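>>> predicted coordinates and the sequence they were generated for:
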Amino acid sequence: MKIVVTGGAGFIGSNFVRMMVSEQSDVEVVTYDALTYAGNLANLAGIVDRHTFVRGDICDAQAVQQVMAGVDAVVHFAAESHVDRSIASSAEFVRTNVEGTRVLLEAARSAGVAKFVHVSTDEVYGTLGDEGAFTEMTPLAPNSPYSASKAGSDLLARAFYETYGLPVVITRCSNNYGPYQFPEKLIPLMIIHALEGRPLPVYGDGGNVRDWLHVSDHNRAIARVLEAGVPGQVYNIGGHNERTNLEMVRMILRLLARDESLITFVQDRLGHDRRYAMDATKIEHELGWTPQYDLERGLAETVAWYLEHKEWWERIRTGAYQTFDQPQSGAR
Ligand code: NAD
């Protein structure tokens, strides 16, 4: 089976590519990625066999059409993914997440792919009060430009199934953590600040709740959906690990034996969703997926990974990771 993975040089995509190539000997992967600020070829280092890297923009219809020729399936991760950036400027989010997804869906239709997995987020459902969890039937009510652009892409994906019968499956996952996450996101940002003894900026009162899932559990769910997900269906993916941001930050400080006095509360994010929680019963019952990581172990491993890979995040901070003429680590 030959699959195109869009956004495969990013956090979740690169972990997915590594998992597929190392665990499924009958799969050949083409990573298609524009290498925006969030894409990093170092994330694909060491992946040699059955893998090709193609640099390209998902909004480039011609290039997308070329990369999809003769492909069996698409797993679509590529996106602008950071809520804070979408609040500062939303244009790129609409371009990549909505228009880019449309271009991919059109090309997948022309190429006649057998499966199109559209990777989405719990954020499309909006925010919850103290009780309850999102199901696949929860109406979409996105509150940030990021989540609105993801909801737009979900609706296009759905429409391509309903209108053209394109075999689209949508996954919606909760917050991920793990190796190779870009240091603008909560977990790596806090780890790095704590290591350097700098203040840890926590939004508002730190009481916003997220459901945390290790990236490898997310990717095992996507592999399962690629294999057995029913076209036209949506699958929620979550870890049963609801924690406030403050609890997560305190766990990190404990793991690094740093003092809680580093925590600094800063002005809340605009439109900050208070609580997300996922009901993942459908994928558990219908596809037999369950998360394997418990949060304490997953977070301890993640902290250890950032301690062992200082060079990886130092190169991001200095901008050196965006030197494209670097040897492509067998990724080509
Ligand atoms: P990321 O920002 O780490 O990676 C995004 C990748 O997409 C980068 O490699 C970037 O270069 C690429 N990209 C961006 N614009 C592109 C374009 N126009 N053309 C081609 N490539 C482009 O993101 P991530 O955290 O790995 O998230 C991957 C997907 O999973 C996204 O669709 C996101 O919405 C979804 N998701 C993320 C989380 C999470 O917690 N990180 C949770 C649920 C769903």
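Here it is on my side, so go on.
>>> taking the protein, what residue is nearest to the ligand?
residue 10 (2.0 Å; CB to the nearest ligand atom). Glycine gets a C-beta too; all of them are placed from N, C-alpha and C.
>>> looking at it, that residue is touching residue 42, isn't it?
No: if you go by CB atoms under 8 Å, residue 10 and residue 42 don't touch, sitting 11.8 Å apart.
>>> compare neighbour counts for those two and give me the winner.
Per other CB atoms under 10 Å, whichever of residue 10 and residue 42 has more neighbours is residue 10, with 26 against 20.
>>> let me see the contact set for that one.
If a contact means CB atoms under 8 Å, 6 or more residues apart in numbering, then residue 10 has 33, 38-40, 43, 77-78, 81, 182 as its contacts.
>>> who wins for neighbours among those residues?
Highest neighbour count within the contacts of residue 10: residue 78, with 30 neighbours (other CB under 10 Å).
>>> residue 50: what's it in contact with?
Contacts of residue 50 (CB under 8 Å, 6+ apart): 21, 25, 27-29.
>>> now residue 288. Nearest residue, chain neighbours left out?
residue 224 (7.4 Å; CB to CB, 6 or more residues apart in numbering).
>>> what's the first helix or strand after the helix or strand hosting the one you found?
Assigned by DSSP states H and E, residue 224 falls within helix 215-228. Next along the chain after helix 215-228, taking DSSP H and E as the criterion, comes strand 234-237.
>>> who are the packing partners of that next one?
Applying 3 or more CB pairs under 8 Å, 6 or more residues apart in numbering; DSSP states H and E, one finds that strand 234-237 contacts strand 168-173, helix 215-228, helix 281-287.
>>> the helix ranked longest in the chain - contacts with which helices or strands?
Longest helix of the chain, by residue count under DSSP state H: helix 145-164. In terms of contacts (3+ CB pairs under 8 Å, 6+ apart), helix 145-164 is packed against helix 83-88, helix 91-93, helix 101-111, strand 115-121, strand 168-173.
>>> may I see those organised as TSV, with mean neighbour count, distance to residue 293 and mean pLDDT added?
Below are the helices and strands packed on helix 145-164 laid out as TSV (neighbours: other CB atoms under 10 Å; distance: least, CB to CB, whole Å; pLDDT from 0 to 100):
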stretch	mean neighbour count	distance to residue 293	mean pLDDT
helix 83-88	17	24	95
helix 91-93	16	29	98
helix 101-111	21	29	98
strand 115-121	24	19	98
strand 168-173	25	14	98
